[in-house]
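Here's my sequence, what's the structure:
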Amino acid sequence: MTSIPLIQTQLVPPRAKNCIQRTRLRNLGLTVLSHRVTTVIAPAGYGKSVWISSLLKEPGWPPTAWLSLDHYNSDPSALLYHLVHALKRIFPEFGSGSLRTLNSVEDVGRDWFIAVSTLIEEIPSNVEFVLVLDDLHLIDENPTVCTILEYLVRWLPSGSHLVFISRNNLPLNLYREQLSGELLEIPSNQLLFSPEETGQLLTLLGLDLKNTDLDTIHTLTEGWAVGLRLLGIHLKQANVNLSTTLSALKQSADLYTYLSNELLDDLTDELQNFLLDSSHLPYLEPDLCNAVLQCSDSDIKIRQLHSLGILSIMSQTDGASAWRLHHLMAEFPAEKMLHFRSADYLWGIRHRAAAFLESTGDIDRALEQVAACDDWPAAVGLIRTHGDKYFLQNGYPDALYSWISRLPSNEIALDPLLLYFKGSCVLHVDVKQALTLLSTSADQAGKQEDIRTEIRALMSMLTLYTMTNDLQKLQETASRLAVAAVKLNNPWSNGATLLVALGRAFIEDELKQGLRLSRLASEVQMELEPEWRMQYLLWSGMIHYRLGDLLQAEEYVQKALNLPMVRESDRWTGTAFEILSGIYCEMGEHQKAEELSQELLRLGQKYNSAHQIAYGHRRLARIR
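This is a model prediction of the structure:
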């Protein structure tokens, strides 16, 4: 099972010694539970996420799913895939139907409504919960994503509370919620520390300051959370002169840069180097840092930085913790690293990070690492290795399509497997584009003697020509596929050849020939791709059905229904139900036939599939 990139649930707030009881904000935070939607909009450094996460420890706070967004979540299928897994953390039984629908929808960007509706239907309707989407500014430029979020706002169960955290004003239509009093808007000025809160925070940090100094500090920081936090940490260091520091702050044009610089200078060389080298990682946890920085004491360094207040806990899952630098704090050492480290040094860190993330199944973040240093050959390698299992089989082909589209055109044009993946992503969306890509893939694969990819591309082309009923192209492609299969001449290619012959016999109504081929396929040793095996079973079932061998036909279709790719896809399940409902009609099993026909109607209406609706009505009319 592919592991899921870090998803925050029940985010742990900073340790009590680094927090104060901000009664004003606590009371404001509790009003989140009396509103359907809350927006927290403020620039970096205002403590948005820390404040919301601190509420999760309030007595009686409901289960909370927290999804920290990243750039790749701007693809609707990637967003929904990770959203399903975030909700699954608080609703363990949730997700199977939603993931099955994601695998079935041909184009999530176009048919998002189907996937989102299933997600909403699967959420328990009688349970209060909170859903937090953090860093929404990273994905809100995609209009489809915004439409999805607006739909979630309107149709999530009544017990839900949505919290949107962003640096920018949200391009969402929330007027309905605003007019009905269901929208709580928290602007940046409400997150600023008051003079009294500034004094409480610095006192809690162990600083005994005069009122005049506190007034000066509040004036200089304007109550900015990160500025106060960094200044407090800096002032706690030994040999720091308050008067000199405040004087320097007054003359500094950039409060944050000054404090960050001072704070780094206060660290030991060992911690400075660790902070600089880890600043380009998506999160910090011991195994990741040990692998990337080639050390064995990351756990000690992380906890030292955490005790100094420089790191906060990002998530805790199954007893393991991950930390992060604040966005601003991460930007500062990351920028300094570019001056203090060579490009080759950073390249090594990025690639070791990518290798570690790949080993944990976090392919999106691994791709982000190699793309950040423009290593497109490495990105190609990741896509070639994981295009099938991570993207296509997990139900978000548009994310794969997006990654391939980010590659330089010269990396794609001559790579038959990338062309095949790209064609597969639009197979059921744009037949013309899919055929162009798959045809180019087959041509390039043939030239490069990549016979396996050539066969896969030709098999997909056969599917499309069958869908479009182009018999001439179907015959030409089948002949070409037979030639390619002979070149490879192994059980896998022989399976493809036999499957093509079986399909042609079925399409051309050569049923006796089809029966011989079906029996041969069950007797010989064949290696079939999951989709090929499904087609073999369904075609065999149809051939036996037409010949009147209903029990054998039922057996083949039931075997198809037991395949993982059929169980996990409503699209293929519906195809099997079309055949099986006809078999039960012929058998006189009217109750079973009616149940399947009703399910066909449901699936047809869900996916706007006219032929499934027609099949369902036809079977019901025959039964009744």
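
Now Thr468: phi and psi?
phi -90, psi 0 (degrees, to the nearest 10).

For the residue nearest to it when sequence neighbours are not counted, give me its contacts.
With C-beta to C-beta, 6 or more residues apart in numbering as the measure, Val431 is the residue that lies nearest to Thr468, at 6.5 Å, once sequence neighbours are left out. C-betas here are computed from N, CA, C, even on glycine. Taking C-beta atoms under 8 Å, 6 or more residues apart in numbering, we find Val431 in contact with 464, 467-468.

a markdown table please, covering those residues and showing neighbour count and distance to Asp111.
Shown next, in a markdown table, are those (neighbours: other C-beta atoms under 10 Å; distance: C-beta to C-beta, whole Å):
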| residue | neighbour count | distance to Asp111 |
| --- | --- | --- |
| Leu464 | 20 | 19 |
| Met467 | 11 | 17 |
| Thr468 | 13 | 20 |
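
Can you pull the poorly scored residue ranges out of the stretch 401-550 of the chain?
Counting by pLDDT under 70, the ranges of the stretch 401-550 of the chain that qualify are 524-526.

That one: helices as residue ranges?
In the stretch 401-550 of the chain, the helices defined using DSSP state H, counting those that start in this stretch lie at 409-413, 416-425, 431-447, 451-467, 471-488, 491-507, 511-523, 530-546, 550-561.

same check, this time on the stretch 201-350 of the chain
211-221, 225-236, 242-251, 255-266, 269-278, 286-293, 298-307, 327-340, 343-359.

Of the ones you listed, which shows the lowest average pLDDT?
Of all the helices of the stretch 201-350 of the chain, the minimum mean pLDDT falls on helix 255-266 (a mean of 70).

where's the nearest residue to Leu249 once chain neighbours are set aside relative to Ser247, distance?
Among residues not flanking Leu249 along the chain, Leu220 sits closest, at 5.0 Å (C-beta to C-beta, 6+ apart). As judged by C-beta to C-beta, to the nearest Å, Leu220 and Ser247 stand 11 Å apart.

The two: which is more packed in?
Leu220 (16 against 12; other C-beta atoms under 10 Å).

Do I have it right that the more buried one meets Leu246?
Yes - in this structure Leu220 lies within contact range of Leu246 using C-beta atoms under 8 Å: 7.3 Å.

Deepest in the core, which of the helices of the stretch 201-350 of the chain is it.
Each of these was given a mean neighbour count from mean count of other C-beta atoms under 10 Å, and the largest, a mean of 22, is that of helix 225-236.

That one to helix 242-251, inter-axis angle?
Counting by axes from the mean of the first three to the mean of the last three C-alpha atoms, to 10 degrees, helix 225-236 lies at 150 degrees to helix 242-251.

which helices and strands does helix 225-236 pack with?
With contacts defined as 3 or more C-beta pairs under 8 Å, 6 or more residues apart in numbering; DSSP states H and E, helix 225-236 has these neighbours: helix 195-204, helix 211-221, helix 242-251, helix 255-266, helix 327-340.

go again using 6 Å as the cut-off
Contact analysis of helix 225-236 by 3 or more C-beta pairs under 6 Å, 6 or more residues apart in numbering; DSSP states H and E lists helix 255-266 as its packing neighbours.

beta partners of the residue nearest to Pro187 when sequence neighbours are not counted?
Spatially, and ignoring its direct neighbours in sequence, Pro187 is nearest to Ile41 (6.1 Å; C-beta to C-beta, 6+ apart). For Ile41, the beta-bridge partners under DSSP bridges are Ser166.

Tell me how many other residues surround Ile41.
20.

Show me the strands in the stretch 51-200 of the chain, by range?
64-68, 129-134, 160-166, 183-186 (DSSP state E, counting those that start in this stretch).

ok and the third one relative to strand 129-134, angle-wise?
So the one you mean is strand 160-166. 10 degrees.

which residues are in contact with strand 160-166?
Strand 160-166 has contacts (C-beta atoms under 6 Å, 6 or more residues apart in numbering) with 32, 37-41, 48, 129-134, 136-137.

what's the angle between it and strand 64-68?
30 degrees.

Give me the mean pLDDT for strand 160-166.
Mean predicted confidence for strand 160-166 is 96.

Distance from that strand to the middle of the chain?
18 Å (C-alpha atoms, centre = their mean, to the nearest Å).

And for the shortest one?
Mean-position distance between strand 183-186 and its chain equals 27 Å (C-alpha atoms, centre = their mean).

Who are the packing partners of it?
Counting by 3+ C-beta pairs under 6 Å, 6+ apart, strand 183-186 packs on strand 37-41.

which outside residues touch the strand it packs on?
By C-beta under 6 Å, 6+ apart, strand 37-41 touches 32, 48, 153, 162-166, 169, 177, 183-186.

Tell me what angle it forms with strand 129-134.
Using the same axes, to 10 degrees: strand 37-41 against strand 129-134 is 20 degrees.

coming back round to it: mind putting the helices of the stretch 201-350 of the chain into CSV with distance to Ala521?
Formatted as CSV, the helices of the stretch 201-350 of the chain follow (distance: least, C-beta to C-beta, whole Å):
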stretch, distance to Ala521
helix 211-221, 74
helix 225-236, 66
helix 242-251, 78
helix 255-266, 67
helix 269-278, 54
helix 286-293, 46
helix 298-307, 54
helix 327-340, 57
helix 343-359, 36
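
which parts of stretch 581-597 are buried?
581-585, 589, 592-594, 596-597 (16 or more other C-beta atoms under 10 Å).

closest to Asp75 among these?
The shortest approach to Asp75 among those belongs to Leu596, at 34.3 Å (C-beta to C-beta).

how much space between Ala334 and Gln369?
13 Å.

still on that earlier bit, among the helices of the stretch 201-350 of the chain, which is nearest Gly97?
That would be, of the helices of the stretch 201-350 of the chain and by C-beta to C-beta, helix 343-359, which comes in at 29.1 Å.

Can you list the helices and strands that the closest one packs against?
helix 286-293, helix 363-372.

nearest to Tyr72, of the helices of the stretch 201-350 of the chain?
Closest to Tyr72 of the helices of the stretch 201-350 of the chain, according to C-beta to C-beta: helix 343-359, at 12.4 Å.

tell me how far that closest one is from the chain's mean position?
21 Å.

tell me the angle that helix makes with helix 286-293.
Using the same axes, to 10 degrees, helix 343-359 lies at 140 degrees relative to helix 286-293.

what residues does helix 343-359 touch?
Contacts of helix 343-359 with the rest of the structure, by C-beta under 6 Å, 6+ apart, involve 281, 288, 291-292, 365-366, 369-370, 373.
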